[in-house]
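**Q** any chance you could fold what I've pasted below:
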Amino acid sequence: MVLANPLPNPLPQAGEGVKVPRAALRYQRDLTRNARAVWGMDAPVAVFAAQIHQESRWRADARSVVGAQGIAQFMPATATWISGAYRWGEAQPYNPAWAMRALVTYDRWLWDRVLPSPQPSPASGESAARGAEPSNCERMAMSLSAYNGGLGWVYRDQKLAASRSLNPAIWFGHVEKVNAGRSAANFAENRGYPRVILLKHQPVYANWGGAIACA
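**A** As a prediction, the model looks like this:
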């Protein structure tokens, strides 16, 4: 387990080549309503819109080669888990209303769990998660990484980052730099996922509300 190779396309240009599909406007009101119901009136709707843009380009019938389904590209097992955990009945990943509700709910579930608990450093007795406090941008980046690749992988990467004297509570330039065992292809996809959503797509949807600033 070593530091990963340099990240591909580390600084995607905000909005470059990105246009809001007509279908997105059809779903804007429902996405905003669901996001605010789960996250409050300051919900980062622009992030969720950018995430859906990345996942499916707002195609309700989208299906990936690995079996991810619908506008939010849930794997069947994840969709079933969400429906069971929140007692929503049958999972409906191809139903845009269900999928948008599930996306903002799952993102919130991950948001509440991605920050590591401070652990004493064997060398100094200080917190291993010491240093700069994570911004909302850093925390959302970790949440998006977990959405794409699983929360367990984020925890493994945080642990490895801490062992390399990096801050496990900071994504950009810290946790994102290490690979706790993913394949090269999966690592590249996962590291690109938060960057393209937050830095490239989100600015295009900024007027949807709640944009998270990533300096």
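
**Q** same question for the helix ranked longest in the chain, mean pLDDT?
**A** Criterion DSSP state H: the longest helix present in the chain is helix 22-39. The average pLDDT for helix 22-39 rounds to 97.

**Q** which strands and helices sit next to it?
**A** helix 45-56, helix 96-111 (3 or more Cβ pairs under 8 Å, 6 or more residues apart in numbering; DSSP states H and E). (C-beta placed from N, C-alpha, C; glycine too.)

**Q** can you tell me the centre-most residue of the chain?
**A** In the chain, the centroid-proximal residue (Cα atoms, centre = their mean) is Leu144; its distance is 1.0 Å.

**Q** residues contacting it?
**A** Gln51, Asp107, Tyr193, Pro194, Ile197, Leu198 (Cβ atoms under 8 Å, 6 or more residues apart in numbering).

**Q** just the residues you listed now: which is nearest Glu176?
**A** Pro194 (7.7 Å; Cβ to Cβ).

**Q** quick check: chain neighbours aside, which residue is closest to Arg113?
**A** Spatially, and ignoring its direct neighbours in sequence, Arg113 is nearest to Leu151 (6.2 Å; Cβ to Cβ, 6 or more residues apart in numbering).

**Q** check the burial of the closest residue to Ala35 other than its chain neighbours by counting its neighbours.
**A** Nearest residue to Ala35, sequence neighbours excluded (Cβ to Cβ, 6+ apart): Ala43, at 3.8 Å. Ala43: 23 surrounding residues under other Cβ atoms under 10 Å.

**Q** separation between Ala43 and Gly209?
**A** To Gly209, Ala43 is 7 Å away according to Cβ to Cβ, to the nearest Å.

**Q** name the residues contacting each of these two.
**A** The contact lists of Ala43 and Gly209 share Thr32, where a contact means Cβ under 8 Å, 6+ apart.
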